[in-house]
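# Following is a predicted model, sequence given first.
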Amino acid sequence: MTRLNWGMIGGGEGSQIGPAHRLGAGLDGDFSMVAGALDHNPEAGRDFAQRLGIAQDRAYGDWREMLEGESAREDRIDLVTVATPNATHFEITKAFLENGFNVLCEKPMTMTVEEGEVITKLAADTGKICAVNYGYSGYSLVRHMRAMVARGDLGAVRVVVAEFSHGHHADAAQADNPRIRWRYDPAQMGASAQFADCGIHALHMASFVTGQEVETLSADFASTISSRELEDDAMVNFRMNGGAVGRLWTSAVAVGRMHGLTIQVFGEKGGLRWAQEQPNQLFWTPTNGRVQVIERGEADLSPEADRATRVTIGHAEGMPLAFANIYSDLAEVIRAQKGGRAPDPAAMHYPKAVDGLRSMAAVHACVDSAKKNGEWVNAVPQSLT
């Protein structure tokens with residue numbers, strides 16, 4: 001099968017997220033990395049791209065040069081990943097969609113709800129893919145949780161509890177470290193820091209697993225280190241359109257927590273619990289029954305879980321493999337579009353522009369609620385009401 005052409009903007013040498021994307025995109029042989037504008041320093045970006053095997057004429061100095069160069073090629077890229085600082089996501093994603101490219105954008109998709117509305121409409125109008133990298137939804141057992149909820153194993157979902165808390169920004173002496181400080185700078189992060197960075201992963205997970213969307217919420221933000229203008233800890237209560245209530249905690253000052261993404265779903269027939277740091281086990285407890293451990297890769301799991309399983313049972317699967325499942329979904333959809341056929345329905349679970357829009361609406365609703373001392377506010381984007 002012919003590989004699809006893939007390019008990347010950002011994610012250069014020393015990037016935290018770049019390697020995970022390159023591993024994920026290359027794992028199945030679906031994509032070849034043929035183009036890139038990888039660094040804010042043009043020469044550094046060109047050099048690194050060529051060391052990764054990209055031809056000199058497709059090792060670009062910036063995203064505008066890449067857009068112009070790829071637009072003029074018959075073998076243009078089939079997908080571009082945008083892994084640049086948050087404040088640039090909207091401009092780059094918009095430009096590539098307008099010029100007929102499929103896009104996978106790192107979260108948050110935009111800085112404002114209005115920008116999110118523009119991107120969502122543009123993706124619909126152009127018919128191009130605009131995916132958002134809520135990559136944790138690619139884990140096999142997360143997809144099995146979704147399947148269990150959808151087929152009614154839990155009955156009606158009553159409560160969902162999501163967390164994404166770590167302690168890596170807890171040292172006040174490190175508050176001015178440039179690698180940390182930018183995350184609390186409104187000019188670069190927008191209206192929110194910790195919730196927009198990590199909390200929206202947990203919120204997306206709650207919606208992805210339950211199949212319900214957030215309608216209203218109440219938030220409490222705290223800046224526990226006084227020099228920070230934006231929050232480093234947040235608690236959010238929310239209510240969903242299918243009747244579930246939700247609780248979400250996200251923090252950057254939770255000393256002892258390394259990653260901290262967890263999801264628990266409680267229904268009338270039982271409860272589920274999964275943690276990203278132990279992704280091979282899903283804990284299922286039927287009402288009035290004993291706790292059961294579901295192992296990734298075991299027999300008789302859902303088709304969704306089977307499709308997302310990469311290695312045999314007992315071996316660890318990690319974040320790059322979850323990212324690979326997102327890329328596998330996108331490859332299937334792109335090939336289906338090229339071939340004029342319907343894609344595998346299981347490949348349609350990738351996070352879309354509308355998910356990015358809902359996340360940004362939730363971010364701004366949380367900011368609004370926190371300023372109003374936790375007043376309940378509407379979290380549904382105007383275009384989706």
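That came in fine, so what should we check first?

# which residues sit against stretch 268-277?
136, 139, 141-142, 145, 148-149, 152-156, 158, 209, 258-265, 281-287, 289, 319 (CB atoms under 8 Å, 6 or more residues apart in numbering). The way it works is simple: take the backbone N, C-alpha and C, and place the C-beta from them, glycine included.

# Next, name the residue at the spatial heart of the chain.
Tyr134 (1.4 Å; CA atoms, centre = their mean).

# Isn't that residue up against His204?
Yes - using CB atoms under 8 Å, Tyr134 is in contact with His204, at 4.5 Å.

# Common neighbours of these two, please.
With CB under 8 Å, 6+ apart, Tyr134 and His204 have common neighbours 351, 355.

# And the helices in this structure?
Taking DSSP state H as the criterion, the chain carries its helices at 18-26, 42-51, 63-71, 89-98, 113-126, 140-150, 178-181, 186-189, 194, 200-210, 303-307, 319-339, 353-371.

# and the fifth one, what's its mean pLDDT?
The average pLDDT for helix 113-126 rounds to 98.

# Out of the contacts of stretch 268-277, which end up buried?
Neighbour counting by 16 or more other CB atoms under 10 Å classes 136, 139, 141-142, 145, 148-149, 153-154, 209, 260-265, 282-284, 319 among the contacts of stretch 268-277 as buried.

# picking up where we left off before, what's the closest of the helices of the chain to Gly10?
Closest approach to Gly10 among those is made by helix 18-26 (7.1 Å; CB to CB).

# Show me which residues of the closest one are buried.
Buried residues in helix 18-26 (16+ other CB under 10 Å): 18, 20-26.

# repeat for stretch 178-191
Taking 16+ other CB under 10 Å as the criterion, stretch 178-191 shows 180, 183-184, 189-191 as buried.

# ok, those vs Gly339, which is closest?
Distances from Gly339 to those, taken by CB to CB, are shortest for Gly190, at 39.3 Å.

# separation between the closest one and Thr112?
7 Å (CB to CB, to the nearest Å).

# which stretches of this protein aren't confidently modelled?
In the predicted model of the chain, no residue satisfies pLDDT under 70.

# Correct me if wrong: Ala131 contacts Ile326.
Yes - the criterion here is CB under 8 Å, and Ala131 meets it with Ile326 at 7.0 Å.

# Spit out the residues that contact the two alike.
Counting by CB under 8 Å, 6+ apart, the common neighbours of Ala131 and Ile326 are 104, 350-351.

# Just send the residues you listed back as a markdown table, with neighbour count too.
Shown next, in a markdown table, are the shared contacts of Ala131 and Ile326 (neighbours: other CB atoms under 10 Å):
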| residue | neighbour count |
| --- | --- |
| Leu104 | 27 |
| Tyr350 | 23 |
| Pro351 | 26 |
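
# Present these as JSON lines; the columns should include distance to Arg64.
Formatted as JSON lines, these follow (distance: CB to CB, whole Å):
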{"residue": "Leu104", "distance to Arg64": "19"}
{"residue": "Tyr350", "distance to Arg64": "27"}
{"residue": "Pro351", "distance to Arg64": "26"}
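
# Please state the offset of stretch 203-219 from the chain centre?
Distance of stretch 203-219 from the chain centroid (CA atoms, centre = their mean, to the nearest Å) equals 14 Å.

# This completes my enquiry, with thanks.
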